[in-house]
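[1] With the sequence up front, the predicted model follows.
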Amino acid sequence: MLIAKTSFTTKDDRMTSAIKITVGYHSFLLPDTHTDYAFPAYINKHIDLIWRYIENNDKIEELSSNPFSKGRTAVLVKAKFLSSELKEFKLKTGIIGYPFDMKDISLYLASQNIKITLCTEFKRNGTLVNSLPS
């Protein structure tokens, strides 16, 4: 079991490394500036909510081509609810990548010169696979 737990750093500290996680077909970065949580336990604790958030945002993208489509309002309301449920998670982890923020992680990694220390994938049931140092 991997554990990432140190004291929280300030916003002035620049990220130099990150853990890259994949959930479904979306990849995210967990920056080294936010490490006051146990990895991967904290991610597993929220994995179902993360999956629902991703799926709901994918549905929003699908419905965006027709702003008058049936069910669009319900999906937008659900997105707001799921986002509020994940607020503490986002603050604690500093997670980077769509749909948590609008950053393209490949471009972000290149432009900020960030080193990936670990690549891992989380399955829907919380199973951790392909944990590889980068």
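    Noted; the coordinates are in hand. Residues are numbered from 1 along each chain as shown.
[2] Mind listing what's buried along the helix or strand bottoming out on mean pLDDT in the chain?
    Here the helix or strand of the chain ranked lowest by mean pLDDT, DSSP states H and E is strand 128-132, holding a mean of 75. Under the neighbour-count criterion of 16 or more other CB atoms under 10 Å, strand 128-132 has Leu128 buried. Placement of C-beta: from N, CA and C, glycine included.
[3] Tabulate the CA atom coordinates of it in CSV.
    The C-alpha trace of strand 128-132 is given here as CSV (Å, rounded to 0.1, in the frame of the first residue of the first chain):
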residue,chain,number,x,y,z
LEU,A,128,-5.7,-0.1,-8.0
VAL,A,129,-4.0,-1.4,-11.2
ASN,A,130,-0.9,-0.6,-13.2
SER,A,131,0.9,1.2,-10.4
LEU,A,132,4.2,2.0,-12.1
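[4] Could you list the residues in contact with that strand?
    2, 40, 44, 118-123 (CB atoms under 8 Å, 6 or more residues apart in numbering).
[5] Direction included, what does that strand pair up with?
    The pairing partners recorded for strand 128-132 under DSSP bridges are strand 115-122 (antiparallel).
[6] Distance from the partner strand to the middle of the chain?
    Its chain's C-alpha centre and that of strand 115-122 lie 12 Å apart, by CA atoms, centre = their mean, to the nearest Å.
[7] send the alpha carbons of that strand over as CSV?
    Extracted C-alpha coordinates of strand 115-122, given in CSV (Å, rounded to 0.1, in the frame of the first residue of the first chain):
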residue,chain,number,x,y,z
LYS,A,115,7.8,15.0,-13.2
ILE,A,116,5.4,12.1,-12.8
THR,A,117,6.4,9.9,-9.9
LEU,A,118,3.7,7.3,-10.2
CYS,A,119,1.1,6.3,-12.8
THR,A,120,-1.9,4.3,-11.6
GLU,A,121,-5.4,3.4,-12.6
PHE,A,122,-8.5,3.2,-10.4
